[in-house]
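K.L.:
attaching a predicted model along with its sequence, questions to come.
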Amino acid sequence: MSNIRVRIAPSPTGPLHIGTARTALFNYLFARHLGGKFIIRIEDTDLLRSDPKFEKNILEGLEWLGIEADESPIVGGPDAPYRQTERIESYAHYLKKLLAEGKVFYCFHTEAELEEEKRELLETKHSPIHLCEYRTMDIKEAETLAEINSNYVIRFKTPAGRIIAFNDLIRGELSFQSDLLGDFSVAKKIDVPLYHFAVVVDDEAMDITHVIRGEDHIANTPKHILLIEALGFCIPQYAHLPLVLGTDRSKLSKRHGATSIDEYREQGYLPEALFNFLALLGWNPGDNREILSKEELIREFSIEKIQKAGAVFDFVKLDWMNGEYIRKKTSDELTRIALPFIETLLSGKQFSLDYITKVIALEQPRLKKLSELLEKIDYFFEEPQYDVSLLLWKKMTAENAVAALDVAKKLLEQNKEKPITAMKEIFLQKGKEMGDKGSLLWPLRVALSGKKASPDPFEIMEILGIEKAARRIEYAKKIAVLS
RNA sequence: GCUCCUAUCGUCUAGCCUGGUCUAGGACACAAGCUUUUCAAGCUUGGUACCCGGGUUCGAAUCCCGGUGGGAGCGCCA
């Protein structure tokens, strides 16, 4: 067991996002590969936007994906609690310390003033940073003022002229000038920490050794390092992951399509497929393998192979991969996970599990996602509805169709005791005699399925039963005659 | 505007560190063909990429410099 400890710290302000899930995944793979711990901590200090229902969604989503945490608000752990709102005392403690040491200060600028300042800076082509005059105010004086004027914020006294450099595990040596940071805010009040401060305090408290997060955090890293130094903490190793992009190459967001794990789950993507797919978004094992199990991914994972540039989330390739995983399932497994997707088809009717399993297995090779099942197999559970034109093969007329269906009906009756393979042989033979197998088999298949695309009619018949098949052929004839 | 990150087929990527074996490999998608009663699957084939310009070198996707493109960040959000 190594002492490697990594974490993700999502804020419960929305459902589990693809990007968050992938960050979690890389942290998880990294930890598992090295025998370390993967921790989930909830950043819920933004009381206005945080919602327990999103925390639940995030935690459940990760669990569903198979990214299980060693420590989290639900499983607990030695560094509990794992929710920021429950760790307020520790932030207050360190904040007071920094205040006493003069490393942070009270800023009494109003939001309107700051906005005005920002606007002016931008107009004069300067970086919109806030260098605060209050940083030199006497601490006693500031504290007195803070008591009567609660409209303040606590800022970090960013040192001037410093170069902050760190080694990013993915990007190499990165460096930033402290002068471009400004006096960034660290807390709204003593007991209301802001992100930069809370994250640094929590990471220290939880002995986080590696911070693996999205590329959008690169510019925050120098701030964190400065805070860590001011607090006398240990600087962790950093790794900044490339972003997950939409098709227009901007950061993946709602307008690109489904972005929450929920939506994929509801559409019938398998967690293993999504796990595999997300792992390959910005990483690869270095050879041609693409379908990799969780165990293989853990074994093969290496941070050096992580890509530097953002990766477009390719929905089409995900569909392919999901199909691959669907095909790997046994029919019993597939039925078990598919059942919720065909509930509406089954409600109020009596079908044996064996029947349902056979039907699902029939569509297994052509399934991309479970939500497609409903419209593909409906004819096994209710009588198909279709137009006469669908019955006609190539240049066939309705009369031809009736004739073909008559032939089919007769063959069916004469051979109903024979196994389905023998039956198929007989039909194929007859079809050949008729000159074009399609002229016999197409109307038959449509009569059974009511679809222009479906499995082989004999496979359908085998499940449906000869009697029911005969009835559907009869019905098809009626439609053709009536036209 | 400023700062930072980044650059191989449409997309995900291998190759780059340690130049030649790269007429640049794989996968998804696409097209054609085979098979075929439809669909899917399978098999075969095909088209499509080293951002641009300089330099170093006998030789550059690979090393160096300069551009350009794309992205992200710049909150009393995280």
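P.N.:
On my side now, so go ahead.
K.L.:
which residue packs closest to the residue of chain A found nearest RNA strand B, ignoring adjacent ones?
P.N.:
Closest contact between chain A and RNA strand B, by Cβ to the nearest atom of the strand, is at residue A:43 (2.8 Å). In short, each C-beta sits where N, CA and C put it, glycine included. Excluding the flanking residues, the one nearest residue A:43 by Cβ to Cβ, 6 or more residues apart in numbering is residue A:11, at 4.3 Å.
K.L.:
look up how far residue A:41 lies from that neighbour.
P.N.:
As judged by Cβ to Cβ, to the nearest Å, residue A:11 and residue A:41 stand 10 Å apart.
K.L.:
the two: which has the busier surroundings?
P.N.:
residue A:41 (27 against 18; other Cβ atoms under 10 Å).
K.L.:
thought residue A:71 was touching residue A:40?
P.N.:
Yes. In this structure, residue A:71 is within contact of residue A:40 by Cβ atoms under 8 Å, at 7.3 Å.
K.L.:
settle it for me: which of the two has more neighbours?
P.N.:
Ranked by neighbour count (other Cβ under 10 Å), residue A:71 and residue A:40 place residue A:40 first, with 27 against 20.
K.L.:
and that one, what does it touch?
P.N.:
Residues in contact with residue A:40 (Cβ atoms under 8 Å, 6 or more residues apart in numbering) are A:7, A:8, A:9, A:10, A:24, A:59, A:62, A:69, A:71, A:72, A:73, A:82.
K.L.:
name the member of those residues with the most neighbours.
P.N.:
residue A:7 (30 neighbours).
K.L.:
look up phi and psi at that one.
P.N.:
The phi/psi pair for residue A:7 (degrees, to the nearest 10) reads phi -150, psi 160.
K.L.:
give me the nearest residue to it, chain neighbours excluded.
P.N.:
residue A:39 (4.0 Å).
K.L.:
is the one you found in a helix, a strand, or coil?
P.N.:
Following DSSP: H, G, I helix; E, B strand; the rest coil, the label given to residue A:39 is strand.
K.L.:
let me see the contact set for it.
P.N.:
Going by Cβ under 8 Å, 6+ apart, residue A:39 touches A:5-8, A:69-72, A:77, A:79, A:82, A:206, A:208.
K.L.:
again with residue A:458
P.N.:
Applying Cβ under 8 Å, 6+ apart to residue A:458 gives the contacts A:420, A:421, A:423, A:424, A:427.
K.L.:
from those, list the ones also adjacent to RNA strand B.
P.N.:
residue A:424 (Cβ under 7 Å from any atom of the strand).
K.L.:
okay, now residue A:149: neighbour count?
P.N.:
Neighbourhood size, residue A:149 [other Cβ under 10 Å]: 10.
K.L.:
correct me if wrong: it contacts residue A:107.
P.N.:
No. Using Cβ under 8 Å, residue A:149 is not in contact with residue A:107, being 11.3 Å away.
K.L.:
related to what we said a few turns ago, show the pLDDT at the residue nearest to residue A:7.
P.N.:
Looking at residue A:39, its pLDDT stands at 98.
K.L.:
give the bridge partners for it, please.
P.N.:
Beta-bridge partners recorded for residue A:39 (DSSP bridges): residue A:7, residue A:71.
K.L.:
can you pull the buried residues of stretch A:442-453?
P.N.:
A:442, A:443, A:444, A:445, A:446, A:447, A:448, A:449, A:450, A:451 (16 or more other Cβ atoms under 10 Å).
K.L.:
likewise stretch A:224-236?
P.N.:
A:224, A:225, A:226, A:227, A:228, A:230, A:231, A:233, A:236.
K.L.:
now those as a markdown table including pLDDT?
P.N.:
As requested, the buried residues of stretch A:224-236 are exported to a markdown table (pLDDT from 0 to 100):
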| residue | pLDDT |
| --- | --- |
| A:224 | 98 |
| A:225 | 98 |
| A:226 | 98 |
| A:227 | 98 |
| A:228 | 98 |
| A:230 | 97 |
| A:231 | 97 |
| A:233 | 97 |
| A:236 | 97 |
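K.L.:
give me the subset of those residues that lies in helices.
P.N.:
A:224, A:225, A:226, A:227, A:228, A:230, A:231 (DSSP state H).
K.L.:
from those residues, pick the one nearest residue A:342.
P.N.:
Nearest to residue A:342 among these, counting by Cβ to Cβ, is residue A:224 at 49.5 Å.
K.L.:
if we can go back for a sec, any figure for the gap between the residue nearest to residue A:7 and residue A:153?
P.N.:
Per Cβ to Cβ, residue A:39 is found 29 Å from residue A:153.
K.L.:
report pLDDT for the residue of chain A closest to RNA strand B.
P.N.:
At residue A:43, the model reports a pLDDT of 96.
K.L.:
ok, residue A:395 next?
P.N.:
Per-residue pLDDT puts residue A:395 at 85.
K.L.:
so where's chain A uncertain?
P.N.:
A:1 (pLDDT under 70).
K.L.:
all strands of it, in order?
P.N.:
A:5-8, A:37-40, A:104-107, A:153-156, A:163-168, A:172-177, A:185-189, A:192-193, A:210-214, A:237-241, A:244-245, A:311-312 (DSSP state E).
K.L.:
I appreciate the help and will end here.
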